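Enquirer: Model the structure of this input:
(one chain, ligands or ions: 2)
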Amino acid sequence: MSLKGRNFLTLKDFTKDEINEFLDLAADLKEKKKNGVDIAKYHGKNVALIFEKTSTRTRCAFEVAAHDMGMCTTYLDPAGSQIGKKESIADTARVLGRMFDGIEYRGFGQEIVEDLAKYSGVPVWNGLTNEYHPTQMLADLLTIKEHLGSLEGKKLVYMGDARYNMGNSLMIACAKMGMNFVACAPGRYFPNETLIEECKAFAKESGATLTFSEDVMEGTKDADIIYTDVWVSMGEPDKVWEERIKDLTPYKVTMDVMNNAKSNAIFLHCLPAFHDLKTKIGKEMGERFHLTEMEVTDEVFEKYADVVFDEAENRMHTIKAVMVATLGRERL
Ligand code: CP
Ligand code: NVA
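Expert: Ligands and ions are numbered 1, 2, ... in the order given. Have a look, this model is predicted:
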């Protein structure tokens with residue numbers, strides 16, 4: 001089995017064994033980092049990091065991982081390149097493919113990363129699109145393994161807008177890994193039917209189950225993992241806030257939700273999170289809609305903060321595993 005030369009665009013493209021290979025490699029790289037083992041064996045390799053949407057974790061994870069590996073990085077910010085404005089994705093890909101050994105892309109439609117992969121001829125890594133966030137999935141799976149020991153048979157409940165990148169990706173990850181996925185949201189926030197059908201096929205192979213529930217107490221009962229994300233994603237118009245707050249407030253992660261889950265259940269969040277009003281947008285929405293928090297209460301967030309920040313740290317170790325595996329692990 002070789003992951004060398006592969007793109008990393010969505011977990012749909014990988015088998016359960018391949019996903020486990022990424023996770024085992026990430027755990028090994030994490031151990032090496034903690035023990036100060038030098039892995040700077042990728043001198044001479046260069047990677048491009050394209051961000052058409054903003055980022056803290058994903059950008060830092062790619063940069064730190066690349067530098068630990070001895071590689072050079074070039075960061076292209078949301079305003080600082082010709083991409084899409086003066087130059088097509090196909091032309092950009094053909095330019096970058098001549099200079100770089102790998103390309104990370106964060107931005108809008110999945111077709112953009114697919115085109116980058118098609119035309120660049122080097123591994124392309126999806127750092128988040130509207131549809132998927134696959135590097136986040138590896139960090140989440142690694143964190144679940146670290147805290148709960150294994151993945152198979154674990155019940156993961158995603159509360160919130162399950163039609164977007166996080167809900168979609170968690171459903172795929174659970175379906176691939178034999179976990180029990182629950183989308184807990186109003187019906188119109190469930191993932192689209194085509195993706196559900198694809199995931200049902202993965203689930204049949206892995207023994208996973210997929211459940212869609214509008215009922216908070218039923219949906220979260222005996223869960224092993226409660227997961228949420230912001231109610232309005234990057235790139236969405238300001239006008240959707242009011243409707244989202246109204247629709248999704250009943251699906252906020254509260255202590256009642258956590259107490260309804262298993263006694264050793266964990267809470268995960270990809271971050272950033274609106275668990276208080278200490279952000280510009282949080283403060284503005286707090287004043288506009290008379291709120292003190294949004295998708296998760298501050299009490300839940302702080303109680304599970306150690307797990308959530310392990311999850312954030314694991315972005316770096318798992319992204320490093322993706323680069324090592326696709327650029328070739330023989331150098332390690
Ligand atoms: N979770 C995540 O992708 O965070 P950033 O938006 O900060 O990269
Ligand atoms: N759904 C969020 C995820 C952020 C990591 C967004 O797309 O903004």
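Enquirer: Every contact and neighbour count from this point should use C-alpha atoms.
Expert: OK.
Enquirer: what's the nearest residue to the residue most central in space within the chain if we skip its chain neighbours?
Expert: Nearest residue to the geometric centre of the chain (CA atoms, centre = their mean): Gln136, 2.4 Å. Leaving aside its chain neighbours, Gln136 sits nearest to Arg315 (6.5 Å; criterion: CA to CA, 6 or more residues apart in numbering).
Enquirer: Spit out the contact partners of that neighbour.
Expert: Under the criterion of CA atoms under 8 Å, 6 or more residues apart in numbering, the contact list for Arg315 reads Arg57, Thr58, Ala61, Thr135, Gln136, Leu138, Ala139.
Enquirer: now Asn7
Expert: Contacts for Asn7 (CA under 8 Å, 6+ apart) come out as Ala117, Val122, Pro123, Val124, Trp125, Thr326.
Enquirer: would you say the last one is within a helix?
Expert: Yes: the assignment for Thr326, made by DSSP: H, G, I helix; E, B strand; the rest coil, places it in a helix.
Enquirer: I'd say Gly219 and Val182 touch.
Expert: Yes: with contact defined as CA atoms under 8 Å, Gly219 counts as touching Val182 (6.7 Å).
Enquirer: Now for the two: what residues contact both?
Expert: Common neighbours of Gly219 and Val182 are listed as Val157, Phe212, Ser213 (criterion: CA under 8 Å, 6+ apart).
Enquirer: From ligand 2, how far out is Gln55?
Expert: One correction, residue 55 is Ser, not Gln. Ser55 is 8 Å from ligand 2, where distance means CA to the nearest ligand atom, to the nearest Å.
Enquirer: Quick check: which element contains that residue?
Expert: Per DSSP states H and E, Ser55 falls between elements, in no helix or strand.
Enquirer: cool, and the one 10 residues further on?
Expert: Assigning secondary structure by DSSP H and E places Ala65 in helix 57-68.
Enquirer: Which strands and helices lie in contact with that helix?
Expert: Counting contacts by 3 or more CA pairs under 8 Å, 6 or more residues apart in numbering; DSSP states H and E, helix 57-68 is packed against strand 46-51, strand 72-76, helix 305-327.
Enquirer: Give me the mean pLDDT for the longest one.
Expert: Read it as helix 305-327. Per-residue pLDDT values over helix 305-327 give a mean of 98.
Enquirer: anything in that helix near ligand 2?
Expert: No: Helix 305-327 stays out of contact with ligand 2 when judged by CA under 6 Å from any ligand atom, the minimum separation being 10.6 Å.
Enquirer: Could you list the alpha-carbon positions for that helix in CSV?
Expert: The C-alpha atoms that make up helix 305-327 are tabulated as CSV, following Å, rounded to 0.1, in the frame of the first residue of the first chain:
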residue,chain,number,x,y,z
ALA,A,305,-10.9,22.4,26.9
ASP,A,306,-8.0,20.0,27.4
VAL,A,307,-9.5,17.6,24.8
VAL,A,308,-10.4,20.4,22.4
PHE,A,309,-6.9,21.8,22.5
ASP,A,310,-5.4,18.3,22.1
GLU,A,311,-7.5,18.2,19.0
ALA,A,312,-6.1,21.5,17.8
GLU,A,313,-2.5,20.3,18.5
ASN,A,314,-3.2,17.1,16.6
ARG,A,315,-3.9,19.2,13.4
MET,A,316,-0.1,19.6,13.2
HIS,A,317,0.9,16.0,13.7
THR,A,318,-1.8,14.7,11.3
ILE,A,319,-1.0,17.3,8.6
LYS,A,320,2.7,16.3,9.0
ALA,A,321,1.6,12.7,8.4
VAL,A,322,-0.3,13.7,5.3
MET,A,323,2.8,15.5,3.8
VAL,A,324,5.2,12.7,4.8
ALA,A,325,3.0,9.9,3.4
THR,A,326,2.2,11.7,0.1
LEU,A,327,5.7,13.1,-0.5
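Enquirer: Near ligand 2, which residues of the stretch 101-250 of the chain are found?
Expert: Within the stretch 101-250 of the chain, the positions adjacent to ligand 2 are Asn165, Met166, Val230, Ser233, Met234 by CA under 6 Å from any ligand atom.
Enquirer: So Asp276 belongs to a helix, correct?
Expert: No: if the criterion is three-state DSSP, then Asp276 is coil and not within a helix.
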